[in-house]
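Undergrad: Quick one, fold the following:
(2 chains)
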Amino acid sequence: MEDDQELARKVSGLKTSMAEGERKTALEMVQAAGTGRHCVARVLHKENQTLGNSLHYMIMKNLEVEFCGYTTTHPSESKIYLRIQTRGALPAVEPFQRGLNELMNVCQHVLDKFEASIKEYKDQKACRNESTF
Amino acid sequence: MAAPQAVEEMRGRVVLGEFGVRNVHTTDFPGNYSGYDDAWDQDRFEKNFRVDVVHLDENSLEFDMVGIDAAIANAFRRILLAEVPTMAVEKVLVYNNTSIVQDEILAHRLGLIPIHADPRLFEYRNQGDEEGTEIDTLQFRLQVRCTRNPHAAKDSSDPNELYVNHKVYTRHMTWVPLGNQADLFPEGTIRPVHDDILIAQLRPGQEIDLLMHCVKGIGKDHAKFSPVATASYRLLPDITLLEPVEGEAAEELRRCFSPGVIEVHEVHGKKVARVANPRLDTFSREVFRNEKLKKIVRLARVRDHYIWK
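TA: Numbering: from 1, shown residues only, chains lettered A, B, ... in the order given. This is a model prediction of the structure:
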């Protein structure tokens, strides 16, 4: 499905911009006061519930994460505010990156399964049409 | 056996009570249930996940997705509506419009016409680029003039007979290839999807002559770029009868649900109701209006089985 590719593309775009440090356009990091590296809040620009909710789900599935939440600060501005807090001393960047990676894997897998299933349906239909003649 | 069953119900089903819906939120995150390993496991996901296509034709698709969570399914739905690109008319250069329809109304209508072109073969237009190049623009020409039909009967009042070209359809739109587009796209592949969409109506002496530029865009920008008429999903219904239902009650039960959902069989001379095909049900909750039956039936939805249309 094209939208799987879209989601995968968006997620990979986010990752590359994180890696290259293009913080101004894609995302910003806001440090929560006085709690060290395991608790971090980020602002992702030009994103909305689409990425926010699915990313929140993937991050929550991680054993190390104690708290993960996202919110849209105001509906007129298209940005989300994502906060991750990990147990212990694990730096909070790690679940974020892992969540993005896993989301990409999920989308890729869904795309593969979907395409295989469409092909199978078309083959079946072709067989059925042939057998009626 | 009550406790494990209740836990299974909480994890796997969204229950429709008489006055509200229970167990709506996903709770299978690690640490919530003891004895369950809920951390993300790509292999377990891949094993449980499957997609079954039910119906596929040119205009519609119905399929099932099993084993995925609401957050991701919703993300797909939102992306389908708003972020999958298509080509649509963006700029209209009007050379002559003497029809009743105003220029801007005509341009708005033209923008909403679906264009049969694969957006993956095109690029987005750069910001501030007025002219458009061959890799990001498609050009269409619409040139229609209405005249009086000299062969019409003297006293006929049917506009189809009296006038020639008085209705402007999308089949009057002609594609004008730019640059090397003529080589890339064979004749007839770039056209409006339907050629019987009425654009405007004319009378003799009126003429429409315009040039349209189509660009690639996404639904978030303007709804004309949305590729789907609608994309929606529902969860698979799950109806359980807590006790066997017999006799007259069986007939009543069958009438409470959509046709085909409950079947009444003759067993040992008695009529017994059986849940035959819950997928067809639309959950109108008619059964809750019946005092006797509402205690016997449990309406629920399977949490991770999505039926897409």
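Undergrad: Which residue ranges of the chain form helices?
TA: This is for chain A. Assigned by DSSP state H, the helices in chain A fall at A:2-19, A:49-60, A:93-132.
Undergrad: My question was about chain B, not that one.
TA: Under DSSP H, chain B gives helices at B:2-12, B:42-48, B:70-82, B:103-111, B:159-162, B:181-184, B:248-256.
Undergrad: Quickly note the distance from the nearest residue to A:Cys68 once chain neighbours are set aside to B:Thr189.
TA: If you skip the residues right next to it in sequence, A:Cys68 has A:Ile59 as its closest partner in space, 4.6 Å away by CB to CB, 6 or more residues apart in numbering or on different chains. (Glycine included, C-beta is placed from N, CA and C.) Here A:Ile59 is placed at a distance of 44 Å from B:Thr189 (CB to CB, to the nearest Å).
Undergrad: who's more crowded, the two?
TA: Between A:Ile59 and B:Thr189, counted using other CB atoms under 10 Å in any protein chain shown, the more crowded position is A:Ile59 (27 against 11).
Undergrad: That one contacts A:Gly69, correct?
TA: No: using CB atoms under 8 Å, A:Ile59 is not in contact with A:Gly69, being 9.7 Å away.
Undergrad: Report the contact partners of residue 67.
TA: Looking at chain A here, since you left the chain open. A:83-85 (CB atoms under 8 Å, 6 or more residues apart in numbering or on different chains).
Undergrad: please go with chain B instead
TA: By CB under 8 Å, 6+ apart, B:Gly67 lies in contact with B:45, B:48-50, B:304.
Undergrad: Give me the phi and psi for it.
TA: Torsion angles at B:Gly67 (phi, psi; degrees, to the nearest 10) stand at phi 100, psi 20.
Undergrad: and residue 63, how many residues sit next to it?
TA: Because you didn't say which chain, this covers chain A. 14.
Undergrad: You answered for a different chain; I wanted chain B.
TA: Residues contacting B:Phe63 under the criterion other CB under 10 Å number 20.
Undergrad: I'd like to know how far it sits from chain A.
TA: Per CB to the nearest CB, to the nearest Å, B:Phe63 is found 7 Å from chain A.
Undergrad: Give me the pLDDT for that residue.
TA: pLDDT, B:Phe63: 85.
Undergrad: can you check A:Ala26 too?
TA: What the model reports as pLDDT for A:Ala26 is 51.
Undergrad: buried set for stretch A:51-68?
TA: A:51-62, A:64-65, A:68 (16 or more other CB atoms under 10 Å in any protein chain shown).
Undergrad: Equivalent analysis for stretch B:62-79, please.
TA: So for stretch B:62-79, counting by 16+ other CB under 10 Å, buried means B:63-65, B:67-79.
Undergrad: what about stretch B:121-130, how long is it end to end?
TA: One end of stretch B:121-130 sits 20 Å from the other (CA to CA, to the nearest Å).
Undergrad: That one close to chain A?
TA: No: Stretch B:121-130 is not in contact with chain A by CB under 8 Å from any CB of the partner chain; minimum separation 13.1 Å.
Undergrad: got the contact list for that stretch?
TA: So stretch B:121-130 is contacted by B:85, B:87, B:132, B:135-138, B:184, B:215-217 (CB under 8 Å, 6+ apart).
Undergrad: Stretch B:261-275 too?
TA: By CB under 8 Å, 6+ apart, stretch B:261-275 touches B:239-241, B:244-247, B:249-251, B:253-254, B:256, B:276-278, B:280-281.
Undergrad: still on that earlier bit, closest to A:Pro95 out of the buried residues of stretch B:62-79?
TA: The shortest gap between A:Pro95 and any of the buried residues of stretch B:62-79 belongs to B:Ala71, at 15.9 Å (CB to CB).
Undergrad: hang on, the closest one packs against A:Asn53?
TA: Yes: because the distance of 4.6 Å satisfies CB under 8 Å, B:Ala71 is recorded as touching A:Asn53.
Undergrad: is A:Tyr81 in a bridge, and if so with what?
TA: Here A:Tyr81 sits in beta bridges with A:Val43, A:Thr71, going by DSSP bridges.
Undergrad: Next up, the contacts around it.
TA: When contacts are counted by CB under 8 Å, 6+ apart, A:Tyr81 touches A:41-43, A:70-73.
Undergrad: ok, now B:Glu46?
TA: Here B:Glu46 is in contact with A:His109 (criterion: CB under 8 Å, 6+ apart).
Undergrad: hey, which helix or strand in chain A has the poorest pLDDT?
TA: Sorting the helices and strands of chain A by mean pLDDT, DSSP states H and E puts helix A:2-19 at the bottom, at a mean of 52.
Undergrad: Revised request: answer the last question for chain B.
TA: Per mean pLDDT, DSSP H and E, bottom of the list for chain B is helix B:2-12, a mean of 69.
Undergrad: Quick one: residues in contact with it.
TA: In contact with helix B:2-12 (CB under 8 Å, 6+ apart) are residues B:15, B:23, B:27-28, B:33, B:36, B:300, B:302-304.
Undergrad: List only those of the residues you listed flagged as buried.
TA: Using 16+ other CB under 10 Å, the buried ones in the contacts of helix B:2-12 are B:15, B:23, B:28, B:300, B:302-304.
Undergrad: which one of the residues you listed is nearest chain A?
TA: B:Asp28 (8.6 Å; CB to the nearest CB).
Undergrad: Could you tell me the phi and psi values at that closest one?
TA: Taking degrees, to the nearest 10 as the convention, B:Asp28 sits at phi -90, psi 60.
Undergrad: Would you mind naming what in chain A lies close to chain B?
TA: Checking chain A against chain B by CB under 8 Å from any CB, the hits are A:1-4, A:6-7, A:49-51, A:53-54, A:56-58, A:60-63, A:102-103, A:105-106, A:109-110, A:113-114, A:116-118, A:120-122, A:125.
Undergrad: Where does pLDDT dip in chain B?
TA: B:1-4, B:31, B:33-38, B:269-270 (pLDDT under 70).
Undergrad: same thing but 90
TA: In the predicted model, chain B carries pLDDT under 90 at residues B:1-91, B:101, B:114-140, B:145-167, B:170-196, B:201-205, B:213-309.
Undergrad: Give me the residue at the spatial middle of it.
TA: Central residue of chain B (CA atoms, centre = their mean): B:Thr230, 2.5 Å from the mean position.
Undergrad: List the residues that contact that residue.
TA: Contacts of B:Thr230 (CB under 8 Å, 6+ apart): B:Lys309.
Undergrad: how near is it to B:Arg274?
TA: B:Thr230 is 34 Å from B:Arg274, by CB to CB.
Undergrad: Contact residues of chain B facing chain A?
TA: Residues of chain B found near chain A (CB under 8 Å from any CB) are B:26, B:29-31, B:38-40, B:42, B:45-46, B:49-53, B:56, B:63, B:65, B:68-69, B:71-72, B:74-76, B:78-80, B:82-84, B:227.
Undergrad: again, only using 7 Å
TA: Within chain B, the positions near chain A by CB under 7 Å from any CB of the partner chain are B:29-30, B:38-40, B:42, B:45-46, B:49-53, B:56, B:69, B:71-72, B:74-76, B:78-80, B:83-84.
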